[in-house]
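*Asks:* this one's structure only:
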């Protein structure tokens with residue numbers, strides 16, 4: 001029977017010399033508290049286990065011993081961020097400061113979590129956050145992200161080398177030809193005509209008879225799409241779901257405008273449905289934004305929305321976003337429209353709830369740059385000259401002028417709530 005994976009492992013580190021106040025007994029209470037949180041005490045022999053590892057720096061003089069332990073760990077679990085736990089006595093903190101400084105000189109990343117006592121609620125909460133951060137990094141490194149078709153031609157600043165995406169962020173990029181998607185759509189059924197008011201869908205896809213009516217019936221309004229349009233949109237979802245299962249994907253991004261050009265339909269519904277089902281799905285073959293969506297979801301638990309900045313006001317620090325797809329779980333209601341740019345297929349015009357939001361954008365040649373902002377979503381406009389789902393955001397932290405003078409690219413990722421501090425801390429200590 002395979003042993004259960006521990007929540008995390010920890011190793012108390014003591015110096016090679018003996019003396020008063022240098023024994024492991026000075027951190028007995030901390031050891032017991034760590035065990036109560038699900039931690040398992042580990043020696044170097046256990047370091048091949050992939051659970052997060054923390055070193056509990058018991059006293060001063062432990063820098064060399066800790067470096068040896070971390071060298072063993074890195075040989076077995078390469079690149080894992082370092083997590084050092086300290087307490088106020090016995091020169092624990094200064095030893096960790098010296099140790100982390102050396103590790104950073106060597107190119108490592110990590111952080112110190114300072115525990116000021118067994119009743120230090122803030123310190124123990126910081127430990128929980130740090131353990132979650134390490135777990136998120138591990139999830140990113142185990143992700144299989146499908147790139148269906150090449151990135152759209154206009155993403156001239158958002159088409160990184162897939163090997164760099166893997167090196168910096170972790171996801172393995174699985175390249176999938178558009179021809180495979182076309183074949184999967186064909187396998188999902190045969191399109192027939194229809195009308196906005198009903199009639200046969202003409203599809204043999206197992207999901208279409210159920211999904212198309214439920215998609216239509218849950219909408220507050222159906223304007224352009226016909227019954228046949230809805231059935232075709234569902235077929236695209238069925239096809240992408242089959243590709244997800246075939247390749248074992250946990251996320252994907254699609255060169256979706258080719259679907260519009262080649263088949264006269266859109267992938268907007270399919271990407272919305274996949275994201276709602278837990279498969280983060282980005283548009284236009286945008287690897288950068290899809291990684292950003294995945295990161296934000298794993299770290300905060302919020303369902304992400306990817307959109308275009310459509311307008312901004314530097315005087316009032318307001319940004320408007322718009323896109324033709326949105327996860328239906330993040331809107332109060334929705335209407336079914338056509339895809340804006342083409343007038344074809346099915347787009348989703350959702351009403352986003354008002355309230356706090358966080359915006360992010362990753363960028364740079366190796367995805368080494370980050371733009372973060374927080375604000376309040378104050379309105380969901382319905383302008384006819386923009387993509388269907390729209391948002392007006394009053395920025396409270398961050399400056400829209402940065403988008404004009406130092407843009408990282410087009411698409412912006414939005415999540416509910418204010419999470420900039422958590423995202424920034426992860427960025428600074430996990431990459």
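*Replies:* It's in. Quick caveat, the model's predicted, so the values are computed rather than measured.
*Asks:* quick one: residue 86 and residue 114 touch, right?
*Replies:* Yes: with contact defined as CB atoms under 8 Å, residue 86 counts as touching residue 114 (5.0 Å). Just so you know, the C-beta spots here come from the backbone N, C-alpha and C atoms, and that holds for glycine as well.
*Asks:* Domain ranges for this structure, per the record?
*Replies:* In terms of domains, the chain is parsed into 8-141, 144-430 (source: automatic domain parsing).
*Asks:* what does the helix or strand of the chain with the lowest mean pLDDT contact?
*Replies:* Across the helices and strands of the chain, the lowest-confidence element by mean pLDDT, DSSP states H and E is helix 208-217, at a mean of 76. Residues from elsewhere that reach helix 208-217 (CB atoms under 8 Å, 6 or more residues apart in numbering): 188-189, 201, 203, 222, 227, 230-231, 233-235, 237-238, 269, 273, 336.
*Asks:* quick one: terminal-to-terminal distance for stretch 261-269?
*Replies:* Stretch 261-269 has its terminal residues 16 Å apart, counting by CA to CA, to the nearest Å.
*Asks:* pLDDT below threshold where in this structure?
*Replies:* Residues of the chain that meet the criterion pLDDT under 70 lie in 1-4, 18-22, 190-210.
*Asks:* need the longest strand for it.
*Replies:* If you go by DSSP state E, the chain has its longest strand at strand 369-379.
*Asks:* From the contact counts, what lies against the helix or strand just after that strand?
*Replies:* Next helix or strand after strand 369-379 toward the C-terminus (DSSP states H and E): strand 389-397. Applying 3 or more CB pairs under 8 Å, 6 or more residues apart in numbering; DSSP states H and E, we find strand 389-397 packed against strand 305-313, strand 318-323, strand 347-351, strand 355-363, strand 369-379.
*Asks:* repeat that for 7 Å
*Replies:* If contacts are counted by 3 or more CB pairs under 7 Å, 6 or more residues apart in numbering; DSSP states H and E, strand 389-397 sits against strand 318-323, strand 347-351, strand 369-379.
*Asks:* Packed most tightly, which of these would that be?
*Replies:* Burial of the helices and strands packed on strand 389-397 is given as mean neighbour count (mean count of other CB atoms under 10 Å); strand 347-351 ranks first at a mean of 25.
*Asks:* what's that one in contact with?
*Replies:* For strand 347-351, the external contacting residues (CB atoms under 7 Å, 6 or more residues apart in numbering) are 266, 268-269, 272, 324-326, 328, 331-340, 380, 382, 388-389.
*Asks:* which of those residues are buried?
*Replies:* 266, 268-269, 272, 324-326, 328, 331, 334-340, 380, 388-389 (16 or more other CB atoms under 10 Å).
*Asks:* Please tell me how far the helix or strand following the least confident helix or strand of the chain is from the chain's geometric centre.
*Replies:* Toward the C-terminus, helix 208-217 is succeeded by strand 221-222 as the next helix or strand (DSSP H and E). What separates the centre of strand 221-222 from the centre of its chain is 31 Å, taken as CA atoms, centre = their mean, to the nearest Å.
*Asks:* which residues in the stretch 51-200 of the chain form strands?
*Replies:* In the stretch 51-200 of the chain, the segments counted as strands under DSSP state E, counting those that start in this stretch are 53-57, 82-86, 110-114, 144-148, 172-176.
*Asks:* can you list these in a markdown table and add distance to residue 410 and mean neighbour count?
*Replies:* Converted to a markdown table, these look like this (distance: least, CB to CB, whole Å; neighbours: other CB atoms under 10 Å):
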| stretch | distance to residue 410 | mean neighbour count |
| --- | --- | --- |
| strand 53-57 | 39 | 25 |
| strand 82-86 | 35 | 24 |
| strand 110-114 | 32 | 20 |
| strand 144-148 | 17 | 23 |
| strand 172-176 | 20 | 17 |
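*Asks:* Let me have those in a markdown table, extended by distance to residue 414.
*Replies:* Converted to a markdown table, the strands of the stretch 51-200 of the chain look like this (distance: least, CB to CB, whole Å):
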| stretch | distance to residue 414 |
| --- | --- |
| strand 53-57 | 33 |
| strand 82-86 | 30 |
| strand 110-114 | 27 |
| strand 144-148 | 20 |
| strand 172-176 | 24 |
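*Asks:* first vs last residue of stretch 97-117, how far apart are they?
*Replies:* Using CA to CA, the end-to-end distance of stretch 97-117 comes to 18 Å.
*Asks:* nope, stretch 213-228 is what I was after
*Replies:* End-to-end span of stretch 213-228 (CA to CA): 11 Å.
*Asks:* buried ones in it?
*Replies:* Within stretch 213-228, the residues scored as buried using 16+ other CB under 10 Å are 213, 215-216, 219, 222, 224-228.
*Asks:* Which single one of those is nearest to residue 16?
*Replies:* Using CB to CB, residue 215 comes nearest to residue 16 of these, at 66.7 Å.
*Asks:* Looks like residue 320 contacts residue 311 (just checking).
*Replies:* Yes: contact status for residue 320 versus residue 311: in contact at 4.1 Å, counting by CB atoms under 7 Å.
*Asks:* related to what we said a few turns ago, for the contacts of helix 208-217, work out which two are farthest apart.
*Replies:* Among those, 188 and 222 lie farthest apart (CB to CB), at 21.7 Å.
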